[in-house]
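Peer 1: Starting from these lines, generate the structure:
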Amino acid sequence: MSAIMIDLETMDNRPTSAIASIGAVWFEPCGSWIGRTFHMHVDLVDCQRHGLTIGADTVLWWLGQSEEAIASLRNGQDCAAPLVTALEALDAFYAEDCCFEEGDGSRRESRQAQHAHLSAFFATLERFNGATLHAQSVGDGVSMSEWTFDMTSRNGEPIVWNEVLVRRWKDGKVRSERFYQAG
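Peer 2: Prediction:
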């Protein structure tokens, strides 16, 4: 079974951090196979327009890195994609007809339907405060992860979701996601 690893280079140590770049790679956890890769720089100014943060401590940390790392960060901004474009590019890891199912049984039968659903939901938020991964497991054609999502609605009410996400994989792509929520 192949798995995917996603790496974010960020500009803060808080969950609201601006993203400088996103990288992803398919790999075989019990072998030496490395599959397709993805890398994209993300426009830091656009990240700030979306409410993401840049922390002084992290900027100072970056300035203490190698000249190559600093140059990559700086030069990457010359060709950086808007935040939404970079996040949408991760779609390549999902089957076009991927099915998304909520714990109540409601379903969305395509990536486009999921985008519409998430866009409508995120339009109701003032802030996405963070996500915490508590546990994860990978099996033959399936992965599971337990999350807590912390958000604030436009009317200032806190939203905290505790969720278990079950993904089913085939041919190197996510074929279905099912969300189980509690509390």
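Peer 1: any chance you could map the strands in this structure?
Peer 2: Secondary structure of the chain (DSSP state E): strands located at 3-10, 19-27, 34-41, 94-101, 107-108, 125-139, 142-153, 158-170, 173-182.
Peer 1: Residues contacting the longest one, please?
Peer 2: Okay, so that is strand 125-139. Taking contacts as Cβ atoms under 8 Å, 6 or more residues apart in numbering, the residues outside strand 125-139 that touch it are 1, 3, 14-16, 29, 51, 122, 143-154, 156, 159. Where C-beta positions appear, they are placed from N, C-alpha and C, glycine not excepted.
Peer 1: out of the strands of the chain, deepest packed?
Peer 2: Most buried of those by mean neighbour count (mean count of other Cβ atoms under 10 Å) is strand 19-27; its value is a mean of 18.
Peer 1: which other residues reach that strand?
Peer 2: Contact with strand 19-27 is made by 2-11, 33-42, 44, 47, 52, 73, 76, 83, 86-87, 89-90, 93, 172, as judged by Cβ under 8 Å, 6+ apart.
Peer 1: same deal with stretch 55-71?
Peer 2: Counting by Cβ under 8 Å, 6+ apart, 10-14, 17, 73 sit against stretch 55-71.
Peer 1: again, only this time at 7 Å
Peer 2: Outside stretch 55-71, the residues within contact range by Cβ atoms under 7 Å, 6 or more residues apart in numbering are 11-14, 73.
Peer 1: can you pick the most crowded of these?
Peer 2: Note: the member of those with the most neighbours is Met11, at 22 neighbours, neighbours being other Cβ atoms under 10 Å.
Peer 1: Could you give me the buried positions within the longest helix belonging to the chain?
Peer 2: Identified as the longest helix of the chain according to DSSP state H is helix 111-122. Using 16 or more other Cβ atoms under 10 Å as the burial criterion, the residues of helix 111-122 that qualify are 111, 114.
Peer 1: Just want the angle from that helix to strand 94-101.
Peer 2: In terms of direction (axes from the mean of the first three to the mean of the last three Cα atoms, to 10 degrees), helix 111-122 departs from strand 94-101 by 60 degrees.
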